[in-house]
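Engineer: can't give you the sequence, but here's the structure:
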């Protein structure tokens with residue numbers, strides 16, 4: 001079993017923002033696997049599917065970004081899964097728009113959702129797929145930037161990054177993390 005968590009903020013107001021690319025990736029995976037992510041459980045909306053014979057739980061925490069760990073911890077305790085069975089997808093300002101990076105573990109960087117998850121799990125040893133949203137302009141506050149919408153010229157690269165992130169997650173489940181990293185991290 002794998003728990004695949006996309007980070008974001010709930011509500012229409014936040015749907016088209018940089019901070020919600022994790023939610024967008026979960027929606028893309030759900031569509032690919034004909035599952036609805038609507039069941040309310042564990043402070044999240046969830047949907048279940050199978051990929052390569054593995055049970056997969058697609059998760060969009062509803063706690064708002066800074067408290068994402070509450071939902072993730074609740075799910076991991078309920079299903080009694082280990083950190084290597086968790087895959088987290090989130091936005092990263094240190095990666096150019098439209099690029100993705102896959103890692104087996106690591107720090108939270110400046111991402112508050114990841115800080116919450118790492119703090120509550122007491123571990124940073126779980127796979128993650130980071131989707132680049134680019135650096136904020138010098139004149140802009142980081143919070144305002146990640147809650148801003150993509151520029152028109154950024155939309156196509158972001159849609160491509162979301163697709164590649166979803167394919168990478170499928171590859172992690174079907175093959176392994178190293179194969180996914182070699183094939184999709186660029």
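Structural biologist: Received it, and whenever you're ready, just let me know what you need. Model, not experiment: these values are computed from the prediction.
Engineer: right, and residue 15 touches residue 23 too?
Structural biologist: Yes. Taking CB atoms under 8 Å as the definition, residue 15 is a contact partner of residue 23 at 7.4 Å. Every residue, glycine included, has its C-beta placed from N, CA and C.
Engineer: Please say which of the two ends up with more neighbours.
Structural biologist: Neighbours around residue 15 and residue 23, counted as other CB atoms under 10 Å, are more numerous at residue 23. The numbers are 24 against 14.
Engineer: hang on, that one packs against residue 11?
Structural biologist: No. Counting by CB under 8 Å, residue 23 stays clear of residue 11, with 10.5 Å between them.
Engineer: where are the low-confidence patches of the chain?
Structural biologist: 186 (pLDDT under 70).
Engineer: Do a quick rundown of the helices in it.
Structural biologist: For the chain, the helices defined by DSSP state H occupy 21-32, 68-79, 112-121, 142-146, 152-174, 177-184.
Engineer: can you pull the buried residues of the last one?
Structural biologist: Along helix 177-184, these residues count as buried under the neighbour rule (16 or more other CB atoms under 10 Å): 177, 180, 181, 184.
Engineer: Residues contacting that helix, please?
Structural biologist: Residues from elsewhere that reach helix 177-184 (CB atoms under 8 Å, 6 or more residues apart in numbering): 100, 102, 103, 104, 127, 164, 165, 167, 168, 169, 171, 172.
Engineer: give me that answer again for 6 Å
Structural biologist: Identification of contacts with helix 177-184 by CB atoms under 6 Å, 6 or more residues apart in numbering yields 102, 104, 127, 164, 168, 171, 172.
Engineer: and that helix, how far out from the chain's middle?
Structural biologist: Offset of helix 177-184 from its chain centre (CA atoms, centre = their mean, to the nearest Å): 17 Å.
Engineer: what sits opposite the most centrally placed residue in the chain in the beta ladder?
Structural biologist: Residue closest to the average C-alpha location in the chain (CA atoms, centre = their mean): residue 89, at 1.8 Å. Beta-bridge partners of residue 89, counted by DSSP bridges, are residue 6, residue 129.
Engineer: thinking again about what came up before, list only those of the contacts of helix 177-184 flagged as buried.
Structural biologist: 102, 127, 164, 168, 171, 172.
Engineer: Give me the distance between the fourth one and residue 43.
Structural biologist: Noted for residue 168: a distance of 26 Å to residue 43, by CB to CB, to the nearest Å.
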